[in-house]
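Visitor: Just need the structure, nothing else, for what follows:
(chains A and B)
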Amino acid sequence: MNIRVNPTRMELLRLKKRVRVAKRGHKLLKDKRDELMKSFMSLLRNVKRLRLTVEQQLRLGYQSFLIARAVMTPEMLDEAIMFPKQRIELEVAQKRMMSVTAPVFRLRQEGDVYAYGMAGTSGELDMALGIFAELLPTLIELAGVERALELLAEEIERTRRRVNALEYVLIPTLEATVKSIAMKLSEQERGAISRLMKIKDVVRAK
Amino acid sequence: MCPTRKFAKGCVKGMHKIGLIGDSDTIRGFSALGLATFEVIDRAGAVAAVQAALKGGFAVVFITERIYPQVEYLVRAAESTLPVFTVIPDKQGSTGLGQMRLRKMVERAIGVDILFKEEGKTNG
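Guide: Got it, this is the predicted structure:
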């Protein structure tokens, strides 16, 4: 596959330069891809671990909560949890790694989780809320790193496409074109030499 | 709230809320913690909840695994902006959707070949 260009020395030089640039870009992108892959892998392990904890702890929390719901009257339960005393807010910052911008969350908690009196509520409710409250920072962390992982995955995909496009399309095409121009030029040169020799013969024969 | 794509500079700082979309039993425990909760009963409710969550100045919205498939298209359309949607299991336990999503990400990043290796590692 060639690019259609004039087989001139100018074009040859220009194309050779482009090949050099493309190769350099290819190498850089390849390094970037490898590095992205490395951070992806370590992040992946992290996310897996967090997700596992979250799923286990949530199951425990739900269990306690369901028991609490069973032993308390619905009105009591609603009353106990209707007005949360705790206020939570998230601070969002951004972290850049390898040209991927991921959000980082920090939790700000104010007040107490237990917004009810001891009387009329069961211990299971305390337990459930305790588990949920303890889990919340982990949940927030999971949200952040999972998004980072997603963004990294996208970036890796993009980078890989670019690496492959350079490696399998652009660079071979450019090199083939360079080669064909070089061949055409040397063919011209050979033509010129033989023409000169022929002319010299003719001149000498006179 | 951050209206632009990719957490553009200047609009990320500040306080954001945390949301939870789920069925009544799942959200009740968390509402005591101060999360803004959306109770969802049917599909239309789920869509409305996600739309409300997109506009409400949330940074993180948790969504239960059983509801997520119904609103996936909405969440996907809003990808790479705040809020971040995170799938969590509900009171009936995990459907494995969270793990599936992870696996999809791996597939996307690494390609099919190494995915199988990855699966082998998790299985064995």
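
Visitor: so which helix or strand takes in the spatially most central residue of chain A?
Guide: With distances taken as Cα atoms, centre = their mean, chain A has residue A:152 as the residue nearest its mean C-alpha position (1.7 Å). For residue A:152, the element it lies in under DSSP states H and E is helix A:123-165.

Visitor: and that helix with chain B, contact?
Guide: Yes: under the criterion of Cβ under 8 Å from any Cβ of the partner chain, helix A:123-165 makes contact with chain B via A:128-129, A:132-133, A:136, A:139-140, A:142-144, A:146-147, A:149-154, A:156-157, A:160. Glycine gets a C-beta too; all of them are placed from N, C-alpha and C.

Visitor: ok, back up a step: now the residue nearest to the centre of chain A: closest residue in space that isn't a chain neighbour?
Guide: residue A:40 (4.8 Å; Cβ to Cβ, 6 or more residues apart in numbering or on different chains).

Visitor: quick one: which helix or strand includes that neighbour?
Guide: Assigned by DSSP H and E, residue A:40 falls in helix A:9-71.

Visitor: Give me the next element, helix or strand, following that helix.
Guide: Heading C-terminal from helix A:9-71 (DSSP H and E), you reach helix A:74-82.

Visitor: tell me what that following helix is packed against?
Guide: Counting by 3 or more Cβ pairs under 8 Å, 6 or more residues apart in numbering or on different chains; DSSP states H and E, the packing neighbours recorded for helix A:74-82 are helix A:123-165, helix B:24-31.

Visitor: mind giving me the domain split of chain B?
Guide: Per the record, chain B has its domains at B:5-93, B:95-124, by automatic domain parsing.

Visitor: I'd like to know which of the ones you listed lies nearest to residue A:52.
Guide: Minimum separation from residue A:52 across the domains of chain B (Cβ to Cβ) falls at domain B:95-124, 9.1 Å.

Visitor: Quick one: mean pLDDT over the closest one.
Guide: Throughout domain B:95-124, pLDDT has a mean value of 66.

Visitor: Name the helix or strand for the nearest residue to residue B:63 once chain neighbours are set aside, please.
Guide: Ranked by Cβ to Cβ, 6+ apart and with sequence neighbours excluded, the top spatial neighbour of residue B:63 is residue B:21, at 4.5 Å. Per DSSP H and E, residue B:21 falls inside strand B:15-22.

Visitor: Low-confidence stretches in chain B?
Guide: Low-confidence regions of chain B, defined by pLDDT under 70, span residues B:1-14, B:80, B:112-124.

Visitor: all helices for it, in order.
Guide: B:24-31, B:43-55, B:68-77, B:97-110, B:112-123 (DSSP state H).

Visitor: Counting by contacts, list what the second one packs against.
Guide: Contact partners of helix B:43-55 among helices and strands, from 3+ Cβ pairs under 8 Å, 6+ apart: strand B:15-22, strand B:36-39, strand B:58-64, helix B:68-77.

Visitor: what's that helix in contact with?
Guide: B:1, B:19, B:21, B:38-40, B:61, B:63, B:67, B:70-71, B:74-75, B:78, B:83 (Cβ atoms under 8 Å, 6 or more residues apart in numbering or on different chains).

Visitor: List the buried residues in it.
Guide: B:46-47, B:49-50, B:53-54 (16 or more other Cβ atoms under 10 Å in any protein chain shown).

Visitor: just those now: which is nearest chain A?
Guide: Distances from chain A to those, taken as Cβ to the nearest Cβ, are shortest for residue B:53 (13.1 Å).

Visitor: That closest one and residue A:22: what is the separation?
Guide: Separation of residue B:53 from residue A:22 (Cβ to Cβ, to the nearest Å) stands at 45 Å.

Visitor: which residues of chain A score low on pLDDT?
Guide: A:1, A:82-85, A:111-120.

Visitor: re the thing from before, between the helices and strands packed on helix A:74-82, which gets nearest to residue A:47?
Guide: Closest to residue A:47 of the helices and strands packed on helix A:74-82 is helix A:123-165 (Cβ to Cβ; 5.2 Å).
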